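1. Quick one: sequence and predicted model below, then my questions.
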Amino acid sequence: MVNFFIDRPVFSAVISIVITLVGAICILTLPIAQYPQIVPPTVQVSATYDGASAQVVEESVATPIEQEVNGAQDMLYMNSVSSNDGRMVLNVTFDISRDLDLATVDVQNRVALANSRLPSEVVSRGISVKKQSPDMLLVINLNSPDGSRDTLFLNNYAKINITDALARVPGVGNVAVFGERDYGMRVWLDPDKLARLGLTSSDVAQAIREQNVQAPAGQIGLPPAPPGQEFQLSVQVKGRLADPEEFADIIVRTGKGAEMVRVRDVGRVELGSQSYSAFTRLNGSPTCTIQIYQLPGANALDVVAKIRAIMAEQAGYFPPGVTYTIPYDTTKFVTASIHEVIKTLFEAVLLVLIVVYVFLQNGRATLIPMLTVPVSLVGAFAFMQVFGFSINTLTLFGLVLAIGIVVDDAIV
């Protein structure tokens with residue numbers, strides 16, 4: 001076989017050029033990540049039952065959903081966590097060959113079958129079914145160096161202005177705000193006042209639900225209308241309440257004459273966070289932590305470059321007292337590995353040049369083994385594409401080791 005290529009130098013040169021071109025094209029199309037894709041795909045189901053204990057959440061929410069989800073196609077196992085803040089998180093893990101999008105649809109359809117057995121409060125809050133990307137790519141923190149913005153403001157600013165833009169970046173699998181906080185109207189009730197008036201917290205909650213609604217008010221002048229009616233007017237009424245004073249004016253109970261009991265008579269209302277169960281800190285200061293996950297098969301370097309460009313653009317619109325930092329970036333390890341491979345490659349070519357030329361004293365004889373090193377290494381990326389490998393720290397480490405073998409063979 002060796003003599004076949006020696007006797008046909010033109011054919012050998014063409015084969016080398018083709019191998020190099022194919023390998024170079026594959027380098028541009030191969031996915032880049034910190035580690036290879038070895039984590040099975042996971043779908044996460046989350047629900048909230050306000051005011052319920054962990055045991056109640058497990059019995060009334062987790063169990064019905066688990067019974068329906070169990071047996072999904074290619075499912076390996078599932079585990080759920082119910083907490084005393086009313087949250088239930090169910091993680092369903094599938095075989096690594098299972099398509100994550102199809103698995104998500106399958107789980108979502110199965111969860112829908114359990115809706116009739118779930119409490120109405122859980123269904124009204126909504127049940128989230130999301131695909132979990134196992135590879136965390138980047139962590140972004142919104143900070144307020146001067147302390148003028150609290151965690152609640154930073155979280156809501158990120159959710160309204162930043163997360164949607166980041167989620168649209170090609171290659172981003174999920175954008176999660178850790179310790180997410182949403183604005184909510186907090187109603188603090190005085191149990192002594194409630195007892196004196198013969199009311200309960202359920203009475204107040206029911207009054208708020210009945211009077212804080214968005215309902216159509218109809219139209220005036222619709223057919224059949226009396227003769228001479230020329231206009232049709234839409235009636236616009238006050239919808240959902242938005243101000244603490246409006247919530248404080250909600251009537252809880254009416255009595256004789258003008259006697260009325262309002263929310264302000266049994267407590268106070270303030271604009272705060274829906275939940276205070278989680279928060280994040282960066283160097284002891286309030287912060288909003290945005291976690292970005294990479295889709296399998298995406299190019300991590302391109303995704304991070306686009307994310308950094310979006311954050312640089314968004315920073316120009318930040319309100320006073322708000323900045324951002326990127327404390328965690330997995331592509332730094334990949335970039336360092338690529339730099340090490342390129343450095344080792346140049347060192348290997350230089351070593352071959354020196355050793356072969358010193359011993360052979362022939363420029364043509366030196367050029368041939370020098371060309372074998374890049375042809376062998378670049379051509380390896382074509383086989384990485386065929387076998388479904390990605391450019392990650394492990395495959396790059398293997399290339400570094402292979403360079404030593406190629407150099408030895410070239411010199412010999």
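-> Thanks, I have it.

2. wait, what's in contact with the most far-flung residue of the chain relative to its centre?
-> Here the chain reaches farthest from its C-alpha mean at Pro227, the gap being 60.4 Å by CA atoms, centre = their mean. If a contact means CB atoms under 8 Å, 6 or more residues apart in numbering, then Pro227 has no contacts. Every C-beta, even on glycine, is put in place using the N, C-alpha and C of the backbone.

3. Pull out the buried positions in stretch 166-181.
-> Neighbour-count burial for stretch 166-181, counted by 16 or more other CB atoms under 10 Å, picks out 166, 169, 171-175, 177, 179-181.

4. Of those, which belong to helices?
-> Leu166 (DSSP state H).

5. so the residue farthest from the centre of the chain, which of the three states?
-> coil (DSSP: H, G, I helix; E, B strand; the rest coil).

6. one step back: next, format the buried residues of stretch 166-181 as a markdown table and append pLDDT and distance to Val304.
-> Compiled in a markdown table, the buried residues of stretch 166-181 are given as follows (pLDDT from 0 to 100; distance: CB to CB, whole Å):
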| residue | pLDDT | distance to Val304 |
| --- | --- | --- |
| Leu166 | 92 | 11 |
| Val169 | 91 | 9 |
| Gly171 | 85 | 9 |
| Val172 | 87 | 10 |
| Gly173 | 80 | 14 |
| Asn174 | 83 | 15 |
| Val175 | 88 | 14 |
| Val177 | 86 | 19 |
| Gly179 | 70 | 23 |
| Glu180 | 69 | 23 |
| Arg181 | 74 | 27 |
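
7. Could you save the buried residues of stretch 166-181 as JSON lines and add columns showing distance to Gly272?
-> What follows is these, written out as JSON lines (distance: CB to CB, whole Å):
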{"residue": "Leu166", "distance to Gly272": "26"}
{"residue": "Val169", "distance to Gly272": "32"}
{"residue": "Gly171", "distance to Gly272": "36"}
{"residue": "Val172", "distance to Gly272": "31"}
{"residue": "Gly173", "distance to Gly272": "32"}
{"residue": "Asn174", "distance to Gly272": "27"}
{"residue": "Val175", "distance to Gly272": "25"}
{"residue": "Val177", "distance to Gly272": "17"}
{"residue": "Gly179", "distance to Gly272": "15"}
{"residue": "Glu180", "distance to Gly272": "15"}
{"residue": "Arg181", "distance to Gly272": "9"}
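
8. Show the backbone phi and psi for the residue farthest from the centre of the chain.
-> phi -60, psi 140 (degrees, to the nearest 10).

9. And it, how far from Ser234?
-> Going from Pro227 to Ser234 by CB to CB, to the nearest Å gives 22 Å.

10. what's the answer for Ala278, then?
-> Ala278 is 43 Å from Ser234, by CB to CB.

11. on that earlier part again, could you point out the member of the buried residues of stretch 166-181 that lies closest to Asp190?
-> Set against Asp190, the nearest of these by CB to CB is Arg181 (25.5 Å).

12. for the closest one, what are its contacts?
-> Contacts of Arg181 by CB under 8 Å, 6+ apart are 151-152, 155-156, 273-276, 279.

13. Sweet, I'm off.
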